[in-house]
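Asks: My questions concern the predicted model and sequence given below.
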Amino acid sequence: MTGITDHSLRNDLEDVYGRYEEMRSGVDELQRSLATMQVSAESEDGVVHATVDADGRLVDLRLDQQACRDWNVETLARVIVETVQHASAGTSREIESLVTNHRSPDSED
């Protein structure tokens, strides 16, 4: 009887360890995805293009030359801020999507 109990316990432990390894791998993959995540947004007219990282920090900004010539400083600044805000808002959606996709089926109980 002890042999069956030991064998059953060993199988249970191996199963638990296997699930732990799967979860750990998923967490590592999620961390890598977050570390390299970049989200971009463009102004409505396409003259301002902003890219932010997972923390919402600006990592790239491109401006159309025409906007720099035709717009006053206040308008250009406003459009830049709005575009960066749109890109930052996109990070929340991307992170939510990543977390949802990395969640194990067992965690939905």
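Replies: Thanks, I have it. Numbers count the residues shown, from 1 in each chain.

Asks: Could I get the full set of strands for this protein?
Replies: 38-42, 48-53, 58-63 (DSSP state E).

Asks: Same list, the ones you listed, but as CSV with mean pLDDT, mean neighbour count and distance to Arg93 please.
Replies: C-beta here means a position set from N, CA and C on the backbone, and glycine is covered the same way. As requested, these are exported to CSV (pLDDT from 0 to 100; neighbours: other CB atoms under 10 Å; distance: least, CB to CB, whole Å):
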stretch, mean pLDDT, mean neighbour count, distance to Arg93
strand 38-42, 93, 16, 8
strand 48-53, 95, 21, 12
strand 58-63, 95, 14, 18
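
Asks: Quick one, which of these gets closest to Ile80.
Replies: Smallest distance to Ile80 across those (CB to CB): 5.6 Å, for strand 48-53.

Asks: What angle do strand 58-63 and the closest one make with each other?
Replies: Angle of strand 48-53 versus strand 58-63, following axes from the mean of the first three to the mean of the last three CA atoms, to 10 degrees, is 170 degrees.

Asks: Direction included, what does strand 48-53 pair against?
Replies: strand 38-42 (antiparallel), strand 58-63 (antiparallel) (DSSP bridges).

Asks: out of everything not next to it in sequence, what's closest to the residue nearest the centre of the chain?
Replies: Nearest to the mean C-alpha position of the chain, by CA atoms, centre = their mean, lies Ile95 at 3.4 Å. Among residues not flanking Ile95 along the chain, Ala54 sits closest, at 6.5 Å (CB to CB, 6 or more residues apart in numbering).

Asks: Can you give me the neighbour number for the one you found?
Replies: Ala54 has 17 neighbours, counted by other CB atoms under 10 Å.

Asks: what packs against the helix or strand bottoming out on mean pLDDT in the chain?
Replies: Ranked by mean pLDDT, DSSP states H and E, the weakest helix or strand in the chain is helix 2-36, scoring a mean of 77. Helix 2-36 sits against helix 73-102, with contacts defined as 3 or more CB pairs under 8 Å, 6 or more residues apart in numbering; DSSP states H and E.
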